[in-house]
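Visitor: curious how this folds, go ahead:
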Amino acid sequence: MALCPDLEFQGFLKQGRFMLQRSQSSQRHFFYPRVLEPGTGATDLEWVEASGLGTVYAVTVVRPKPPTEPYTVTLVDLDEGPRLMSRVEGLPAEQVSIGLRVKARISADPEQFFVVFDPHSN
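Guide: Numbering: from 1, shown residues only. The predicted model follows:
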């Protein structure tokens with residue numbers, strides 16, 4: 001029996017690999033991991049390595065009470081097409097802006113692995 005898509009995704013992240021699902025028939029990539037392609041219901045899905053490159057589509061700066069530093073919540077349009085919510089690190093939160101080119105990096109906390117982004121120079 002196959003793992004659920006989210007568990008497979010977490011397994012790839014644990015291996016240090018940022019993978020996306022793609023429909024073999026439409027060649028469209030998508031995110032969040034699923035059992036069917038959104039919009040078509042196609043089940044001919046495969047996992048492919050993501051380039052990790054993207055562009056900030058939207059950004060919100062969260063300013064918690066001191067001493068915690070401000071951080072961002074961003075929507076990133078991956079070069080492969082999907083949009084995902086994450087955060088941008090490696091810059092002060094106030095310097096993260098729409099249109100910023102970013103590169104994915106795998107990070108972890110005690111409970112799971114996740115994708116964050118750092119500024120990327122072309």
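Visitor: wait, residue 49 sits on residue 19?
Guide: Yes: between residue 49 and residue 19 there is a contact under C-beta atoms under 8 Å: 6.1 Å. Every C-beta, even on glycine, is put in place using the N, C-alpha and C of the backbone.
Visitor: what about these two, which has more around it?
Guide: When neighbours are counted by other C-beta atoms under 10 Å, residue 49 and residue 19 differ, and residue 19 comes out ahead with 18 against 11.
Visitor: report the contact partners of the more buried one.
Guide: 9, 12, 47, 48, 49, 50 (C-beta atoms under 8 Å, 6 or more residues apart in numbering).
Visitor: do residue 14 as well
Guide: Residue 14 is in contact with residue 113, counting by C-beta under 8 Å, 6+ apart.
Visitor: filter the contacts of residue 19 down to the buried ones, PyMOL style.
Guide: In PyMOL, this line selects whichever of the contacts of residue 19 come out buried by 16 or more other C-beta atoms under 10 Å:
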select buried, resi 9+12+50
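Visitor: from the contacts of residue 19, pick the one nearest residue 70.
Guide: Closest to residue 70 out of the contacts of residue 19 is residue 50 (27.6 Å), distances taken as C-beta to C-beta.
Visitor: contacting residues around residue 22?
Guide: Contacts of residue 22 by C-beta under 8 Å, 6+ apart are 28, 29, 30, 45, 46, 47, 48, 80.
Visitor: cool, residue 49 as well?
Guide: Counting by C-beta under 8 Å, 6+ apart, residue 49 has contacts 17, 18, 19.
Visitor: sheet partners, orientation included, of the longest strand that the chain contains?
Guide: When the chain is parsed with DSSP state E, its longest strand is strand 53-62. Take DSSP bridges as the rule and strand 53-62 pairs in its sheet with strand 71-78 (antiparallel), strand 101-108 (antiparallel).
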